[in-house]
Structure formats: C-alpha cells, structure tokens
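Q: Provided below are the primary sequence and the corresponding predicted coordinates.
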Amino acid sequence: MATKTKKRKEIKRKLLHKYRLVILNESTFEEKISFKLSRLNVFVTGTLCIICLIGLTTLLIAFTPLREYIPGYSSTKLKKQATELTYKTDSLVNVLNYTNKYIENIRLVLSGDLENSEINRDSVFERFKIDPSTVDLNPIKEDSVLRAEVAMEDKYNLFERNITKTDLILFPPISGIVSQMYDPEKRHYAVDVTAVTDTPVKAVAKGIVIFAEWTADTGYVLIIEHKDGLLSVYKHNGSLSKSQGDLVRAGEVIASIGNTGEFTTGPHLHFELWDDGNPVNPLDFIDFK
C-alpha cells in the first residue's frame, strides 16, 4: 500500500515539476523569452491545440468550397445536377424512340410498304372469325331499340362515311377523273386523279407540312399531318408551294399538277390518306368530280 502511494506521489511530482523554457540570443546569450512549464501544462495545451485544429478543419470542409477538392466528396449542387442530367437523359431517350417510330411511319407512307408491319391484319381477322351457324342471329329487345336509335340519327346525317375523324371535313385536292382506283391487293394505297399540268393542288384539311422534298420514284412529294393522326400525301407534283414546317389551311394551294418521278405515266395527282399509320380509301371521304 505504501509502495502504491509512493508511486502516485512520484508521478504527481513529475507531472507538476516545473521546467523553464528559455530563448537566448545566440551571439550574446541574452535571455529574450522564458516560459515556466510542467509536463501537465504541456499535455493539456497540446491536447487543446489538437482539438482546435480538428474543429477548424471540420468547419473548413463543411462550410467552404474546399470540400470539393477532397477525393470522393461531392457537393449537394453536383448531386442535384447529376440527378437532373439523368432525368433529361431518360427523357431524350424516350423522345428519340418516339421520333424514330415517327420517321419509320413516314417511311412506310412514302414507300407504301406494309409488309414490315408488326401486326398482320389478315391473321388477326382469321383468328377471330366466327362461324355464323354457331351464333343466334335473332335480334333481342335491346338490339331492336339500338337499331331504331341509329336509324333515327342517320336521317339527319349528311355523310354516311366510315371515318373515325367525325369532326374533320375533307376538301377535294383537285377535280378530275380518277384514272386508277385504290387497290390494297396490288399495293396501290391511293387514287390517281388526272388533271391539266399546273392545275393547283389544295390541302384537304388544316394541318402542318411534315415532308416536302423531291424523290426519284415519285417526284415532288408533300405530306401534311392533320389532327388525330390523319396524314394526306400528294405525289408526282410539278412543283411545291409549301415547305416542311409550314401551317396550311383547308383548301389552300400547296402544289401544282405535274408529271415528275420515274413511276409516273402522265400529268396526275397520286393522292393517299393514312389514318394512324394505316392506309384508307380516299374515295370514301372525298368526291373528286
């Protein structure tokens, strides 16, 4: 017990033992500054200096731009910018996919190629074809009431056309003789209307010109996009009066009759209508006489 007490007193004595730190002039040995220190004072002072240095470094990193120079540390602003760029990249990818699909539809309209369509309509119709002998064709009460309502509405319907754009009225692009009819079996998805050279060609409805260029096969071609996915196509024109991006009104002159392109047989208008990427017979909607 006495030994432990003696050791404690010895340690305390060493910690509190005073030392003198003197700074002398090397030439004259004149005393300039002197400090009275103990081991305990040195330890406490050193510990406080280290704590202050750590605190100051933490403040510099947390509240000054110096933190951006630390490897692996990114600022909140940079993280926000990275997140925004990620969202913009995803949006651009979606827009690019939509644009590629849109351009592919335009290519199909120009070439009249439906063989690469993802849906084979004939196979779909064949799959869901029903044998009439297996169906009860006797009308029920609800069917009779519906037929009566439809018949009443048809009395006041000026147009009995199978068209999905019920609020869209189509004007004839030209007046003339139809020289070749719409024939999907021969992949002729248009009507050819003969007319005198330089006869004005008019827009069938209000829309925006999405294509107005020269092609080797069909000469001067102009395509107008109307509302609800309806496209009107004018081929073999002698000249074009509108450019891509122009807005046109219904009945406005957009081109003139010509005989351009390798596949032409004389002055005429090759006119097509496409509804949501599918060809339709223009004669169902327009009277060219």
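A: Thanks, I have the structure now.

Q: per-domain residue ranges of this structure.
A: Here the domain assignment for the chain is 2-63, 75-111, 177-284, based on automatic domain parsing.

Q: what residues sit buried inside the second one?
A: Just to be clear, that refers to domain 75-111. Across domain 75-111, burial judged by 16 or more other CB atoms under 10 Å covers I106, L108, V109, L110. Every residue, glycine included, has its C-beta placed from N, CA and C.

Q: related to what we said a few turns ago, indicate which one of the domains of the chain is closest to D143.
A: D143 lies closest to domain 177-284 among the domains of the chain, at 26.4 Å (CB to CB).

Q: span of that closest one from start to end?
A: Distance between the two ends of domain 177-284: 16 Å, counting by CA to CA, to the nearest Å.

Q: show me the shaky parts of the chain.
A: 1-2, 65-77, 112-139, 148-168 (pLDDT under 70).

Q: which members of the buried residues of domain 75-111 occur in strands, if any?
A: In strands, judged by DSSP state E, none of the buried residues of domain 75-111 are found.

Q: now the helices for the stretch 1-150 of the chain?
A: Assigned by DSSP state H, counting those that start in this stretch, the helices in the stretch 1-150 of the chain fall at 2-16, 39-63, 76-111, 121-127, 141-155.

Q: turn those helices into JSON lines, columns for distance to A203.
A: Shown next, in JSON lines, are the helices of the stretch 1-150 of the chain (distance: least, CB to CB, whole Å):
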{"stretch": "helix 2-16", "distance to A203": "102"}
{"stretch": "helix 39-63", "distance to A203": "65"}
{"stretch": "helix 76-111", "distance to A203": "16"}
{"stretch": "helix 121-127", "distance to A203": "29"}
{"stretch": "helix 141-155", "distance to A203": "30"}
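
Q: which one, of these, ends up nearest to G277?
A: For G277, the closest of the helices of the stretch 1-150 of the chain is helix 76-111, at 5.0 Å, according to CB to CB.

Q: so how far is the closest one off the chain centroid?
A: For helix 76-111, the separation from the chain centroid amounts to 4 Å (computed by CA atoms, centre = their mean, to the nearest Å).

Q: now swap in stretch 246-266 and tell me
A: Worked out by CA atoms, centre = their mean, stretch 246-266 lies 31 Å from the chain centre.
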